[in-house]
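Chemist: Pasting a predicted model and its sequence here:
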Amino acid sequence: MPARRPFGLTRLFGAFVLAATLTGCAGGVLDPVGPVGANDAEILIDATLIMLGIVIPTILLAFWMAWRYRASNTKAEYLPNWSYSGRIEAVVWAIPILTITFIGGLIWIGSFKLDPFKPLPSKTPAVEVQVVSLDWKWLFIYPQQGVATVNELVVPQGTPVHFSITSGSVFNVFFVPRMGSMIYAMPGMVSQLYLQADKPGELMGESAHFSGDGFSDMNFKVHSVSAAEFDAWAQKTKAGGAMLDRAAYAQLARQSSNVKPYAYSAIDPTIFQAVASQKIAPAPGPQPAGPGHAGREVSTGGNR
Amino acid sequence: MFGKLDWSAIPFNQPIPLITSVILILGILGVLGLITVKKWWGYLWREWITSVDHKRIGVMYMLLGVVMLIRGFADAIMMRTQQAVAIHSAGYLEPEHYNQIFSAHGTIMILFGAMPLVIGLMNFVAPLQLGVRDVAFPTFNSVGFWLTASGALLVNISLFVGEFSRVGWLPYAPLSETTYSPGVGVDYYLWAVQISGVGTLITGINMVTTVLKMRCPGMTYLRMPVFCWTTLASSLLIVAVFPILTATLAMLTLDRYFGFHFFTNDAGGSPMMFMNLIWAWGHPEVYILVLPAFGVFSEIFSTFSGKPLFGYRSMVAATLFICVVSMMVWLHHFFTMGAGAAVNTFFGISSSVIAVGTGVKIYNWIFTMYGGRVRFETPMLWSMGFIFTFIIGGLTGVLLAVPPADFLTHNSMFLVAHFHNVIVGGVVFAVFAAVEYWFPKAFGFRLHAGWGKAAFWFAFIGFWVTFTPLYILGLQGMTRRLQHIDVEAWRPMLQLSVVGVAILIVGVICQVIQLVVSILQRDKLRDETGDPWDGRSLEWATPSPAPFFNFAVMPNVEGEEAYWGIKQRAIDTQQLAPEPDYRPVEMPLNSPVGIYTAFFSTVTGFALIWHIWWLAGLGLFAAFIGFVVFAWRDVHEFEVPVEELIRVERGRRAARDAFLERIRQGEGAPS
Ligand code: HEM
Ligand SMILES: [Cu+2]
């Protein structure tokens, strides 16, 4: 048996890459809990591997070439006028074109397969959730259950969730990294997104588009629970609490940040449409509070 | 009387901007005082401020770029440290500061750092390489520079009068509309970028005209060095897309100043349109930056391999290909807006197709080294660092251009790592390489090699230690622009990144030391021959530093690699070409119109930001007067006497004769 090589440089490098990827994986976009995230991640990894197949040899070639033809190496041939070779030129164009053809195929197939607006195949009908991004919190309305939550999302595992997403103020992006695809929340428009969580657990959700001073607090908890637990949760929520009507919405739409999660036991079912169609006007921006500074905005969001 | 301006605009109660401002103001006063005491004003005014010499303007652009790079780097240090300490805590920067810092960082780095550096290079190098004495419109050139400086000044004034934009380096509507951003921050951004944008457009027009119309005899298109081609491509892009930026920002200005509804989120405004328009400029903008960088590396690989560039025509084709295609990819910045699968497919593929052009270039640089004698001087180190860094940046760029992958990484730290990978690894490395390479041509002595190499290694390692963690953070789901962080798992990588920043700081210090040491040892580092690197294009045919008229007689180009040909002929025949017949040369007169215009543009911009309408009117009127006076001047050139030409040219010939003599004695090429 050949003797084992001691801890070589390549091994060290490999160990580093492995460690880095592991930390990168746990809890991130490469550690998906559902089909959308899994498919996205697979495409990301496939594209990376296709490109690494060509990028690593290219980098090695570059350093080999530089080393081999270093000025002090007088043994290497010296071709001071060599500057053209039709064959090499052909190869040099062909390699990137081929690589990008592969990637192009991946783009084509992936874009259609993972169009966020496309429903997920499933026997169970999708749960409807209407999402409104506000300054600086998320409102989730469950029209089928007749409840709503702020900064907290509960989804039944194994069931597709159909998100209809709009914004009551500026742009945001609705993103639950471990569930998969993100999509913009835009005033006056409704984006569609289908996601599904197949594992139970607590996930992190956030806004992936800067929206002002309270932006850092625009994250929300996602609870992926069993279907029974989901129903129980809906019943419990219905049992008591405030109602999301126009007045409550107007209150909520005012700028505030670091809002602790809470729920509404009942909803005005027209609210989402009214926000999306701007029958309810977009939220006001910062309101002057106390003595201002010339030209400086007085912020209501911000530090805790 | 003073519009919105009053004493509360000064941040008396905020220690960080206040202290920074005081230090800055004291620093500026110190420099001005020194100039006054040393009686340098006359010299500065005559030789630099009013100069219309493309080399002087180029150097001033670079100086502006370097100063802004340092300012932007200070912002970066604050951002990285804030994120490393603000985990489950508020950190030391409140959101209103943190948000200004990242907005200023991006704006300054791209528009007032990288752009002046790249434009400075094009200005300095292209006319020399084309074998001409100046750019097409020398005075216009000076106006362009001073307008850029005016924009940079406005951004920095916002530090201590009012505030800067808090909405990012691109003022995305509707956040940037008055409803959500009522302060003067966005107005500072708008006027600073508008004024400097006019300056950039002027440069674009100037450089396009110069390359198309001002080549020396025999310099056909396909004999131009690749740097000139990339200058042309980059300037064409400027001319094509800067008007989009100007129009877009003008529409936002109308929204903010007159209550229009182009991009508001109510009354029929379309914020989505803002995204489209700003990226229709924004994506080509990154290629405006990186194309000249490709030009720099083409020159360096060829020179330091002692060989012509491999596949010159491929290189030119790839440049023009990138130039055109870069205008058809903008939607990749918002795949996640839900445009639909077909649209995403189109823009995903068009974006990755750009990587074909880039890939071809990389192979051509690699094959340029094949059969060469590669000298690892500092510019070559930066170039090898570039190859490695840029390939990875291109890979992650293509990943982001795959819509489903972008659905996971859009606006994440992964994206942040991607664009720093290409902009630092591509543009900034190119600028540092170029400064090492062309410094002797500007100042007559080389930069100290040891400190340059140290700077490279610290920058290269520092870069990777800073940005690799950001890639990982992106994959961990961390989005960009967070002022504080609630996810414990992100802590290790955020802190590791700060280690990288510390290494980068050492790199910056090395570079400062390099400059100081080089100035102190300038006699030892003197470039006597005008050709310190055994160069191949025409700039090396001039003495170092190049005289203001560049060439005593216009060179006559007889092939590719113009100067290489001339040099080889001299070596083969063991003598220089016969002394030509000297004729007096007409050169443009200096003109204060640039600084005059910029002064009143700054005043007007400042007045508009603060709604001081009478001052804005006054500023515009004064600028108009200057324009009229300039238009009516009737002497705009002067004659350089033949004796002056002969003096400079004989000096150069003597140096070249000495060089031939050294070769005869078997000492080989100059070092
Ligand atoms: C191989 C070619 C490249 C491809 C395919 C590519 C692709 C992309 C994509 C898809 C994005 C948007 C990602 C997102 O927001 O989700 C992006 C962002 C960006 N890229 Fe590249 N890129 C390439 C090269 C470059 C180069 C050469 C530069 C600069 C010199 C550059 C600078 C940037 C910048 C500044 C951003 C982010 C802007 C922002 O959102 O603030 N890219 N790139
Ligand atoms: Cu782009």
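Modeler: Yep, it's here. Ligands and ions are numbered 1, 2, ... in the order given.
Chemist: Give me every residue in chain B that's in contact range of ligand 1.
Modeler: Within chain B, the residues that sit near ligand 1 (CB under 6 Å from any ligand atom) are B:286, B:289-290, B:332-333, B:351-352, B:354-355, B:358, B:394, B:397-398, B:400-401, B:406, B:410-411, B:415, B:418-419, B:422-423, B:426-427. The way it works is simple: take the backbone N, C-alpha and C, and place the C-beta from them, glycine included.
Chemist: Report the entries of those residues that also contact chain A.
Modeler: Under the cut-off given by CB under 8 Å from any CB of the partner chain, chain A has B:Ser352, B:Ala355, B:Thr358, B:Val398, B:Ala401, B:His410, B:Asn411 from the residues of chain B next to ligand 1 close to it.
Chemist: For the stretch 551-671 of chain B, list the residues in contact with chain A, please.
Modeler: B:Trp610.
Chemist: Tell me where the model's unsure across the stretch 551-671 of chain B.
Modeler: Across the stretch 551-671 of chain B, residues meeting the criterion (pLDDT under 70) sit at B:666-671.
Chemist: Same question for the nearest residue to B:Gly507 once chain neighbours are set aside, what's its three-state structure.
Modeler: Among residues not flanking B:Gly507 along the chain, B:Phe458 sits closest, at 3.3 Å (CB to CB, 6 or more residues apart in numbering or on different chains). Secondary structure, DSSP: H, G, I helix; E, B strand; the rest coil: B:Phe458 is helix.
Chemist: B:Phe458 touches B:Gly500, doesn't it?
Modeler: No - with contact defined as CB atoms under 8 Å, B:Phe458 does not count as touching B:Gly500 (10.4 Å).
Chemist: mind listing what B:His611 touches?
Modeler: B:Gly3, B:Lys4 (CB atoms under 8 Å, 6 or more residues apart in numbering or on different chains).
Chemist: try 10 Å
Modeler: A:Gly295, B:Phe2, B:Gly3, B:Lys4, B:Leu5, B:Val184, B:Asp187, B:Tyr257 (CB atoms under 10 Å, 6 or more residues apart in numbering or on different chains).
Chemist: quick revisit: number of residues surrounding the residue nearest to B:Gly507?
Modeler: When neighbours are counted by other CB atoms under 10 Å in any protein chain shown, B:Phe458 registers 20.
Chemist: can you tell me which residues contact the nearest residue to A:Phe117 once chain neighbours are set aside?
Modeler: Distance criterion CB to CB, 6+ apart; nearest residue to A:Phe117, sequence neighbours excluded, is A:Gln192 at 4.4 Å. Residues counted as contacts of A:Gln192 (CB under 10 Å, 6+ apart) are A:Asp115, A:Pro116, A:Phe117, A:Lys118, A:Pro119, A:His162, A:Phe163, A:Ser164, A:Ile165, A:Ile183, B:Gly338.
Chemist: circling back: I'd like to know which of the residues of chain B next to ligand 1 are part of helices.
Modeler: Members of the residues of chain B next to ligand 1 lying in helices (criterion: DSSP state H): B:286, B:289-290, B:351-352, B:354-355, B:358, B:394, B:397-398, B:400, B:406, B:415, B:418-419, B:422.
Chemist: Can you give me the pLDDT of the residue of the stretch 151-300 of chain A found nearest chain B?
Modeler: Going by CB to the nearest CB, chain B is nearest to A:Pro177 of the stretch 151-300 of chain A, at 3.1 Å. With respect to pLDDT, A:Pro177 scores 95.
Chemist: Please report phi then psi for it.
Modeler: Dihedral angles of A:Pro177 (phi, psi; degrees, to the nearest 10) stand at phi -50, psi -40.
Chemist: Surely it is in contact with A:Leu30?
Modeler: Yes - shown here, A:Pro177 and A:Leu30 form a contact pair, counting by CB atoms under 10 Å, at 9.5 Å.
Chemist: Which one's more surrounded, these two?
Modeler: The residue with more neighbours, out of A:Pro177 and A:Leu30, is A:Pro177; 29 against 23, by other CB under 10 Å.
Chemist: before we move on, back to that, using ChimeraX, define a selection of the buried residues within the contacts of B:His611.
Modeler: Buried residues within the contacts of B:His611, by 16 or more other CB atoms under 10 Å in any protein chain shown, are selected in ChimeraX with:
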select /A:295 /B:3,5,184,187
